[in-house]
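Trainee: 3D model of this:
(chains A and B)
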Number of protein chains: 2
Amino acid sequence: MDVEKVTNEIIEFIRDYYKKNNLKGAIIGISGGKDSAVVAGLFAKALGSENVIGIWMPCHSKDEDYLNALLVSKTFGFELKEFDLTNIYESYVRQIKEVNDVSDNELVDSNINIKPRLRMSTLYYYAAMKKGYIVPGTSNKCELYVGYFTKGGDNVCDISVLADLTVDEVIRIGEYIGVPDKVIHKVPDDGLSGKTDEEKLGVKYSDIAKVINNEEVDIETYKKIKIIHERNFHKFQIPTYKK
Amino acid sequence: MDVEKVTNEIIEFIRDYYKKNNLKGAIIGISGGKDSAVVAGLFAKALGSENVIGIWMPCHSKDEDYLNALLVSKTFGFELKEFDLTNIYESYVRQIKEVNDVSDNELVDSNINIKPRLRMSTLYYYAAMKKGYIVPGTSNKCELYVGYFTKGGDNVCDISVLADLTVDEVIRIGEYIGVPDKVIHKVPDDGLSGKTDEEKLGVKYSDIAKVINNEEVDIETYKKIKIIHERNFHKFQIPTYKK
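Mentor: Model prediction:
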């Protein structure tokens, strides 16, 4: 991949789409991780940083992630707003427990997915308040290949610029546009489960990239990745009855 | 359309998909309107009513809608749980107003769309608590054609059985499977804006069906429907940068 060429193409792609649709700005959830940093950097370059609004949406989040989010907003010069989801999240969980006979333990998995959905709702809330603002997605090609996202959560977006880039390509673009080292080289985690992405998935992003690019990986890893890919295929293709 | 044939095909379609994917039940948001009633009826017939859980999620809703939801659950014999979204919705709006300098008036449109997103989050919350339960969608072909849904809200689903049926076809199936008269012939509204769907859209569902079926409509109506269709096309096809 020619980093400079791809970066410029993405910036042109964004500008073209905004011009054709008479749009103005972007509302981006800033997590402190690399994907949202790269997306925010690209949109700031394409639209001007005054047309990018980053939203930091803590919900039992780590201070380190906040500091990284702040660093990203300072690096690219866009405003970072805070919308704390803790109270809303906790009322949700409390109410679920009140009306259902379930223990905290039984709710662990369901609770993990509610957060990205509340984040999505919040981003669209902000987008609806500002005329001409839309919500860019931050999923990269490796995450999408294995369906590593919450349906109705972080996959809901209005424009997608990383979806055809593997994790290492996202990192190279991030380095090129100046995403701070500690952000771009941070080990990716969902900030939800306490585990890194690769621990949760049981496979490495570099191996997923190899499978996508038809490069050699050992057969066990290949099978594992293919199984995850197929298991999560329903997230992309809704089974639909046709007359 | 042969109502009996299509109804049986949908029931078979549901059973096949559940069998192939080793699934058990369905979590369906019951609004008191016809689409969710028809979907719930079809799933109750396909899976047995003990495997359908209806969720009534009021949020400044009308008593009449609750009574209709209850009537639907009684008609098809499935359990109706209540999850009141009023408090969660109001904390959301309150917090948005606290951290942003916006008036109630400026929030009218953004507030309308937060409700379907909270409903979606709630349905998936319930689905995650019950092993093998998924979330059927309720959008019909006319709504989908004009993009009449909230992105990240009522369009998020795991299986879709009305997407290829126009409004009048949904009504005929509803009558055939025994959806109560007052539900199946209720004038559709979103329960959100105080307006009927057709008032909001500015076009009639019967005319949308004609455009879909290439039947004759007057030229002004045709143009209006085509414009809405194209304006909302972005809800289906996310613009994506490709290398």
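Trainee: give me the most central residue, chain A.
Mentor: When Cα atoms, centre = their mean is applied to chain A, the residue found nearest the centroid is A:T138 (3.7 Å).
Trainee: assign the nearest residue to that one once chain neighbours are set aside to helix, strand or coil.
Mentor: Distances taken as Cβ to Cβ, 6 or more residues apart in numbering or on different chains put A:D35 closest to A:T138, at 4.2 Å, once the chain neighbours are dropped. Placement of C-beta: from N, CA and C, glycine included. Secondary structure, DSSP: H, G, I helix; E, B strand; the rest coil: A:D35 is helix.
Trainee: show the pLDDT at the residue nearest to the centre of chain A.
Mentor: Here the pLDDT value assigned to A:T138 is 97.
Trainee: thinking again about what came up before, I'd guessed the residue nearest to A:T138 sits against A:V161; true?
Mentor: No: counting by Cβ atoms under 8 Å, A:D35 stays clear of A:V161, with 10.3 Å between them.
Trainee: between these two, who's got more neighbours?
Mentor: Between A:D35 and A:V161, counted using other Cβ atoms under 10 Å in any protein chain shown, A:V161 has the larger neighbour count: 27 against 21.
Trainee: list the contacts of the residue nearest to that one when sequence neighbours are not counted.
Mentor: For A:V161, ignoring the flanking residues on the chain, the nearest one in space by Cβ to Cβ, 6+ apart is B:Y241 at 4.6 Å. Residues in contact with B:Y241, defined by Cβ atoms under 8 Å, 6 or more residues apart in numbering or on different chains, are A:E9, A:I10, A:F13, A:S160, A:V161, A:L162, A:A163, A:D164.
Trainee: now with 6 Å, please.
Mentor: Counting by Cβ atoms under 6 Å, 6 or more residues apart in numbering or on different chains, B:Y241 touches A:I10, A:F13, A:V161.
Trainee: tell me which helix or strand comes right after whatever helix or strand the first one lives in.
Mentor: It refers to A:I10. Assessed by DSSP states H and E, A:I10 sits inside helix A:3-20. Under the assignment DSSP H and E, the closest C-terminal helix or strand after helix A:3-20 is strand A:25-29.
Trainee: buried ones in stretch A:65-82?
Mentor: Buried residues in stretch A:65-82, counted by 16 or more other Cβ atoms under 10 Å in any protein chain shown: A:D65, A:Y66, A:N68, A:A69, A:L70, A:L71, A:V72, A:S73, A:T75, A:F76, A:F78, A:L80.
Trainee: got the residues you listed as CSV, with pLDDT columns?
Mentor: Shown next, in CSV, are the buried residues of stretch A:65-82 (pLDDT from 0 to 100):
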residue, pLDDT
A:D65, 95
A:Y66, 97
A:N68, 97
A:A69, 98
A:L70, 98
A:L71, 98
A:V72, 98
A:S73, 98
A:T75, 98
A:F76, 98
A:F78, 98
A:L80, 98
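Trainee: nearest to chain B, of those?
Mentor: Taking Cβ to the nearest Cβ as the measure, chain B sits nearest to A:L80 out of those, at 12.3 Å.
Trainee: what about the helices in chain A?
Mentor: A:3-20, A:34-47, A:63-76, A:86-99, A:108-129, A:141-145, A:167-177, A:181-184, A:197-201, A:205-212, A:219-231 (DSSP state H).
Trainee: okay, the ones you listed, which one's buried deepest?
Mentor: Most buried of the helices of chain A, by mean neighbour count (mean count of other Cβ atoms under 10 Å in any protein chain shown): helix A:34-47, with a mean of 25.
Trainee: so which elements touch that helix?
Mentor: helix A:3-20, strand A:25-29, strand A:52-56, helix A:63-76, helix A:167-177, helix A:181-184 (3 or more Cβ pairs under 6 Å, 6 or more residues apart in numbering or on different chains; DSSP states H and E).
Trainee: would you mind listing what in chain A touches chain B?
Mentor: Where proximity means Cβ under 6 Å from any Cβ of the partner chain, the interface of chain A facing chain B comprises A:10, A:13, A:17, A:88, A:91-92, A:109-110, A:114, A:117, A:120-121, A:125, A:128-129, A:152, A:156, A:159-161, A:163-164, A:238-243.
Trainee: what's the straight distance from one end of stretch A:236-243 to the other?
Mentor: 21 Å (Cα to Cα, to the nearest Å).
Trainee: mind putting the helices of chain A into JSON lines with distance to B:L42?
Mentor: As requested, the helices of chain A are exported to JSON lines (distance: least, Cβ to Cβ, whole Å):
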{"stretch": "helix A:3-20", "distance to B:L42": "39"}
{"stretch": "helix A:34-47", "distance to B:L42": "39"}
{"stretch": "helix A:63-76", "distance to B:L42": "44"}
{"stretch": "helix A:86-99", "distance to B:L42": "26"}
{"stretch": "helix A:108-129", "distance to B:L42": "26"}
{"stretch": "helix A:141-145", "distance to B:L42": "32"}
{"stretch": "helix A:167-177", "distance to B:L42": "42"}
{"stretch": "helix A:181-184", "distance to B:L42": "49"}
{"stretch": "helix A:197-201", "distance to B:L42": "36"}
{"stretch": "helix A:205-212", "distance to B:L42": "38"}
{"stretch": "helix A:219-231", "distance to B:L42": "26"}
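Trainee: closest one to B:N51 among the ones you listed?
Mentor: B:N51 lies closest, by Cβ to Cβ, to one member of those: helix A:108-129, at 19.0 Å.
Trainee: ok, residues contacting that closest one?
Mentor: With contact meaning Cβ under 6 Å, 6+ apart, helix A:108-129 is reached by A:27, A:29, A:57, A:59, A:83, A:85, A:133, A:135, A:150, A:152-154, A:156, A:192-193, B:109-110, B:114, B:117, B:121, B:125, B:128-129, B:152.
Trainee: tell me which helix or strand of chain A sits lowest on mean pLDDT?
Mentor: Using mean pLDDT, DSSP states H and E, helix A:197-201 stands out as the lowest-scoring helix or strand of chain A, at a mean of 88.
Trainee: for it, output the C-alpha coordinates as PDB.
Mentor: Once non-C-alpha atoms are left out, helix A:197-201 reads as follows in PDB (Å, rounded to 0.1, in the frame of the first residue of the first chain):
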ATOM      1  CA  ASP A 197      -9.400  -7.600  21.200                       C
ATOM      2  CA  GLU A 198      -7.000 -10.400  20.300                       C
ATOM      3  CA  GLU A 199      -7.700 -12.200  23.600                       C
ATOM      4  CA  LYS A 200     -11.400 -12.000  23.100                       C
ATOM      5  CA  LEU A 201     -11.200 -13.100  19.500                       C
END
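Trainee: packing partners of that helix?
Mentor: Right, helix A:197-201 is packed against no helix or strand by 3+ Cβ pairs under 6 Å, 6+ apart.
Trainee: could you tell me how far that helix lies from the centre of the chain?
Mentor: On the basis of Cα atoms, centre = their mean, to the nearest Å, helix A:197-201 sits 15 Å off its chain's mean C-alpha point.
Trainee: who's in contact with that helix?
Mentor: Contacts for helix A:197-201 (Cβ under 6 Å, 6+ apart): A:P188, A:D189, A:K204.
Trainee: can you tell me the closest non-neighbouring residue to the second one?
Mentor: Residue nearest to A:D189 in three dimensions, not counting chain neighbours: A:T196, with 4.6 Å by Cβ to Cβ, 6+ apart.
Trainee: and stretch A:35-46, C-alpha only, in PDB?
Mentor: What follows is stretch A:35-46, C-alpha atoms only, in PDB (Å, rounded to 0.1, in the frame of the first residue of the first chain):
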ATOM      1  CA  ASP A  35      -9.300   3.600  14.800                       C
ATOM      2  CA  SER A  36     -11.300   6.600  16.000                       C
ATOM      3  CA  ALA A  37      -8.100   8.600  16.100                       C
ATOM      4  CA  VAL A  38      -7.200   7.900  12.500                       C
ATOM      5  CA  VAL A  39     -10.800   8.600  11.400                       C
ATOM      6  CA  ALA A  40     -10.900  11.900  13.300                       C
ATOM      7  CA  GLY A  41      -7.500  12.800  11.900                       C
ATOM      8  CA  LEU A  42      -8.600  12.100   8.300                       C
ATOM      9  CA  PHE A  43     -11.900  14.000   8.700                       C
ATOM     10  CA  ALA A  44     -10.100  17.000  10.300                       C
ATOM     11  CA  LYS A  45      -7.800  17.100   7.300                       C
ATOM     12  CA  ALA A  46     -10.600  16.700   4.800                       C
END
